[in-house]
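Participant: have a look at this prediction, sequence included:
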Amino acid sequence: MCIRDRTYTFTPTATEVIYGNTWQIGNLTASFSARSNHILLSYNDGTGEKLWIIGGNDGTNFLNDVWNSSNGTDWNAVTLNAGFVGREGHTGVVFNDGTGNKMWVIGGHDLSNYYNDVWYSNNGVDWYAATQNAGFSPRYGHVSFVYNNQIWVIGGYNGSSGFLSDVWYSNNGVDWYAATQNAEFSKRYDASGFVFNNKMWIVGGYNGTVFLNDVWSSVDGITWTKEIDAPFTRRAGHALLVINDKIYLVAGFDATNVVKSDIWVSSDGIIWNIVNAYAPFPPRYAHSCAFFNNRLWVIAGADEGNNRKNDIWLAPIHISEPT
């Protein structure tokens, strides 16, 4: 088993490092149910910046609950039954459609259906359908982010069409346009993506045949450039986020059928350095990460036995200049 119950020491190689000896347990049994393939957002609802968890799969049920926390460790149920049906593999963004910032929920699936609906809320309680049938096909395991004042949806898996490599965008969540139906990268789901250096990026995933560790970028969503096959193992269900002009990759399920707890960092999306081969938190995939209160947060997900978690781990981010 890959589950580890002790802290590992390590020597960082990156110029910006997470000090592994300062990892803290935020909560081993948070008040929300254990889950994977959920959404984690940092959003200000008018009463301060909070972390928000939305939906997911607890191993038995597809969830449509919404939780928030002002400190990352103590969680409050905002609603246990949001307006959209329970789902996993959906994506979420914080986006201003011209009437203020809102949280957005896009697509996903449950046991019976794949979805291409788009929902928004400014308080986590009241949810409204921007559209029940977006221009892109129903899907889950896709990538979403905000770039160039637009919401983007990339790839994923659709039960009838299979794996996807299409790229869509919208400036209001209602009207969706195809930048391309077939991007240069192979069709995939459970990839991860981010916005960095005025480009959109997509990394890894699974294409139905093999796990991937390729890194692609685009300035317009139409033309994609392969930057590198990264040095980390090919994987899916990993998390990526940008902190202080560095890109962090956290854990995932790799091509050797091992669930990981490694952390990698890059300052350009091309050169990747391992920060921690075995972080103190148990290995996981389909988890979520966020940067909040000057800390990197790792929340929930599933282990090698597909057991869901509701634990919370956090580490301060420190800057270390090369000597």
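Facilitator: Everything's here; your move.

Participant: going by C-alpha atoms from here, please, whenever you check contacts or count neighbours.
Facilitator: Noted.

Participant: for N171, grab phi and psi.
Facilitator: phi -100, psi 0 (degrees, to the nearest 10).

Participant: unless I'm mixing things up, it is touching Q150, no?
Facilitator: Yes. Taking Cα atoms under 8 Å as the definition, N171 is a contact partner of Q150 at 4.6 Å.

Participant: tell me the secondary structure for G124?
Facilitator: coil (DSSP: H, G, I helix; E, B strand; the rest coil).

Participant: let me see the contact set for it.
Facilitator: For G124, the contact set (Cα atoms under 8 Å, 6 or more residues apart in numbering) comprises 66, 78-79, 103.

Participant: do G204 as well
Facilitator: So G204 contacts 190-192, 211-215, 234-236 (Cα under 8 Å, 6+ apart).

Participant: can you confirm it is in a strand?
Facilitator: Yes. Under three-state DSSP, G204 sits within a strand.

Participant: shaky segments in the stretch 151-300 of the chain?
Facilitator: Nowhere does the stretch 151-300 of the chain drop to pLDDT under 70.

Participant: among the contacts of G124, which pair sits farthest apart?
Facilitator: The largest separation in those, counting by Cα to Cα, is between T79 and M103 at 14.4 Å.

Participant: all strands of the stretch 101-250 of the chain, in order?
Facilitator: Counting by DSSP state E, counting those that start in this stretch, the stretch 101-250 of the chain has strands at residues 101-109, 114-121, 128-131, 143-147, 150-158, 162-170, 177-180, 192-196, 199-206, 211-218, 225-229, 235-236, 239-243, 246-254.

Participant: adjacent strands (with direction) for the second one?
Facilitator: Note on strand 114-121: by DSSP bridges, its sheet partners are strand 101-109 (antiparallel), strand 128-131 (antiparallel).

Participant: returning to that earlier point: dump the contacts of G204 to a markdown table, plus neighbour count and distance to I243.
Facilitator: Shown next, in a markdown table, are those (neighbours: other Cα atoms under 10 Å; distance: Cα to Cα, whole Å):
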| residue | neighbour count | distance to I243 |
| --- | --- | --- |
| D190 | 29 | 21 |
| A191 | 26 | 19 |
| S192 | 23 | 15 |
| F211 | 22 | 26 |
| L212 | 23 | 24 |
| N213 | 23 | 21 |
| D214 | 21 | 21 |
| V215 | 20 | 18 |
| R234 | 21 | 23 |
| R235 | 28 | 21 |
| A236 | 29 | 21 |
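
Participant: in a markdown table, list those along with distance to D254.
Facilitator: Output for the contacts of G204, formatted as a markdown table (distance: Cα to Cα, whole Å):
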| residue | distance to D254 |
| --- | --- |
| D190 | 12 |
| A191 | 12 |
| S192 | 14 |
| F211 | 7 |
| L212 | 9 |
| N213 | 9 |
| D214 | 13 |
| V215 | 15 |
| R234 | 5 |
| R235 | 4 |
| A236 | 6 |
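
Participant: which neighbouring elements make contact with the longest strand seen in the chain?
Facilitator: Assignment by DSSP state E gives strand 308-319 as the longest strand of the chain. Packing partners of strand 308-319 (3 or more Cα pairs under 8 Å, 6 or more residues apart in numbering; DSSP states H and E): strand 16-18, strand 24-27, strand 295-302.

Participant: buried sites along that strand?
Facilitator: The neighbour-count check on strand 308-319 (16 or more other Cα atoms under 10 Å) flags 308-317 as buried.

Participant: average model confidence for it?
Facilitator: Averaging pLDDT along strand 308-319 yields 88.

Participant: C-alpha coordinates for that strand, CSV please?
Facilitator: Listed in CSV are the C-alpha atoms of strand 308-319, where the atom choice follows Å, rounded to 0.1, in the frame of the first residue of the first chain:
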residue,chain,number,x,y,z
ARG,A,308,-12.3,8.6,-0.1
LYS,A,309,-10.8,11.1,2.3
ASN,A,310,-11.9,14.2,4.1
ASP,A,311,-8.6,15.2,5.5
ILE,A,312,-6.9,18.6,5.2
TRP,A,313,-3.2,19.4,5.0
LEU,A,314,-1.4,22.7,4.7
ALA,A,315,2.1,24.1,4.3
PRO,A,316,3.4,27.6,4.3
ILE,A,317,5.0,28.8,1.1
HIS,A,318,8.5,30.3,1.4
ILE,A,319,10.8,31.9,-1.1
